[in-house]
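In: Coordinates for the following, if possible.
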Amino acid sequence: MILPLLQLLAFAAVAIYFGHRRVGLRKRNAQSWDSLLSRLRVDWSARELSEHFLWKEGLDATPDDAWRRMEGPNGLWVMYQNSRVMLEMADFAARTNPGVDKLILETLRSDAMQIRVCVLMCLAQYGFSQASEGVRINAFRAAAMYTGMAARMTELLQAHAAVVLPDFVAAM
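Out: Residues are numbered from 1 along each chain as shown. This is a model prediction of the structure:
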């Protein structure tokens, strides 16, 4: 008697998950460029780490400087959220412009996932050791990937959507 009930519950849970996932994908695909830009968090900016972060890769700070300038976990969380939005921006560019370079898109996707994993590891380490040397180095690594991703996103927009580039630069 209990086995059929468990099977039914498992099936219902999987069906609900796939239904929720489908609705989420529809919402994501229906987003406009302006709605994506509005989701970028601007309460912290990588401008604190590098003056030219939108135009070239690399940081103008040491790991200790970067940790202080990014305001610790606050800056890490902003990078985590913005990397997802930039990933959705890259997907939007691929959907609306078939001539977009596939290599840049794959690089942006890879960067976003690496940033998100690195930030989560960093926040977990921070929870246990309160900004040890390892946390600051991992945060520096995440910030370097984030500035690289912002530079590649700027390159993508320059090549394929120059009219929206000023909005992106202003939002970052």
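
In: Break down the chain into its helices, ranges please.
Out: Per DSSP state H, the chain carries helices over the ranges 2-29, 33-39, 63-69, 73-96, 102-129, 133-160, 165-171.

In: Tabulate those (JSON lines), appending mean pLDDT.
Out: Output for those, formatted as JSON lines (pLDDT from 0 to 100):
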{"stretch": "helix 2-29", "mean pLDDT": "87"}
{"stretch": "helix 33-39", "mean pLDDT": "81"}
{"stretch": "helix 63-69", "mean pLDDT": "80"}
{"stretch": "helix 73-96", "mean pLDDT": "86"}
{"stretch": "helix 102-129", "mean pLDDT": "88"}
{"stretch": "helix 133-160", "mean pLDDT": "82"}
{"stretch": "helix 165-171", "mean pLDDT": "66"}
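
In: possible to save the ones you listed as CSV with mean neighbour count?
Out: Any C-beta I mention is one placed from the backbone N, CA and C, and that applies to glycine too. Output for these, formatted as CSV (neighbours: other CB atoms under 10 Å):
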stretch, mean neighbour count
helix 2-29, 10
helix 33-39, 14
helix 63-69, 19
helix 73-96, 20
helix 102-129, 17
helix 133-160, 21
helix 165-171, 15
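
In: Can you give the domain ranges for this structure?
Out: 1-30, 32-171 (automatic domain parsing).

In: So which residue is dead centre in the chain?
Out: What sits nearest the mean C-alpha location of the chain, by CA atoms, centre = their mean, is residue 83, with 0.9 Å.

In: what does stretch 68-88 rub up against?
Out: Counting contacts by CB atoms under 8 Å, 6 or more residues apart in numbering, the residues outside stretch 68-88 that touch it are 28, 31, 36, 39-41, 43-44, 46, 48-49, 61, 108-109, 111-112, 115-116, 119-120, 122-123, 126, 131, 139, 142-143, 146, 149-150, 153.
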